[in-house]
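J.: What would the 3D arrangement of this be:
(chains A and B)
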Amino acid sequence: KAGVTQTPRYLIKTRGQQVTLSCSPISGHRSVSWYQQTPGQGLQFLFEYFSETQRNKGNFPGRFSGRQFSNSRSEMNVSTLELGDSALYLCASRFGGATGELFFGEGSRLTVL
Amino acid sequence: EDQVTQSPEALRLQEGESSSLNCSYTVSGLRGLFWYRQDPGKGPEFLFTLYSAGEEKEKERLKATLTKKESFLHITAPKPEDSATYLCAALHNTDKLIFGTGTRLQVFP
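T.: Residues are numbered from 1 along each chain as shown, chains lettered A, B, ... in the order given. Got it, this is the predicted structure:
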């Protein structure tokens, strides 16, 4: 069974640009969550999508957005990039329900110059 | 404020030297406590779920326990391949998962 796939794995952007990250969940998983991981803050929850609807949202500015498609694949977008957005962005999927048993991808490492 | 705190930040052990990692939490309406392992350059890998105080879960050299205020991850006779960052996370009653910043474990032969 294929795991969670994230693309691209690495990318470099400059301040003010925008970026789109993609996540393909495990087959059959309908929930996709996004997390930002930085050395100082650890993993911070961005948002969760279930059946194309945003179920939950963390405390991030509106520059961070996401969506989920009918095949459960998800994208997140960050507009007007800032230096502080440099981080590892992790996507996680789960079959459904209220559980913390998540399956993570390997992440997309974003560097903002 | 809902918070998950892990200690120590880093731990160096000799192979075979048992120890414990701590995860203390203050979370409204805790719905579960979760442990993950993260290797460098990889996403976290799920290890255990604990739902109620007194509950214990075991897997190979790892045992996770839960009280009303904290959770412990006990590592018995660790091996170098146990080296990783161990993360705990608490599931809030809003269904949000709150992570600690992790304990970086290094086991030397």
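J.: Give the burial count for A:L21, as a bare number.
T.: Neighbours of A:L21 under the rule other C-beta atoms under 10 Å in any protein chain shown: 21. Just so you know, the C-beta spots here come from the backbone N, C-alpha and C atoms, and that holds for glycine as well.
J.: Just say helix, strand or coil for it.
T.: Following DSSP: H, G, I helix; E, B strand; the rest coil, the label given to A:L21 is strand.
J.: distance of it from B:Q106?
T.: 31 Å (C-beta to C-beta, to the nearest Å).
J.: Sketch out the low-pLDDT regions of the chain for me.
T.: With no chain named, the answer covers chain A. For chain A, the stretches with pLDDT under 70 are A:1, A:96-98.
J.: Alongside chain B, which residues does it contribute?
T.: Selection of chain A residues close to chain B by C-beta under 8 Å from any C-beta of the partner chain yields A:4, A:33, A:35, A:41-45, A:48, A:55-56, A:58, A:90, A:92, A:98-107.
J.: now, which of these lie within strands?
T.: A:33, A:35, A:42-45, A:48, A:55-56, A:90, A:92, A:103-104 (DSSP state E).
J.: List the buried residues of the helix or strand hosting B:S20.
T.: Taking DSSP states H and E as the definition, B:S20 sits inside strand B:19-26. Neighbour-count burial for strand B:19-26 flags B:S19, B:L21, B:C23, B:S24, B:Y25 (criterion: 16 or more other C-beta atoms under 10 Å in any protein chain shown).
J.: go on, stretch B:40-50?
T.: For stretch B:40-50, a neighbour-count test (16+ other C-beta under 10 Å) marks B:G43, B:P44, B:F46, B:L47, B:F48, B:T49, B:L50 as buried.
J.: Just confirm A:F69 contacts A:T53, I think it does.
T.: No: if you go by C-beta atoms under 8 Å, A:F69 and A:T53 don't touch, sitting 11.9 Å apart.
J.: Pretty sure B:S71 is one of the things B:L50 touches, is it not?
T.: Yes: at 6.3 Å, B:L50 counts as touching B:S71 under the criterion of C-beta under 8 Å.
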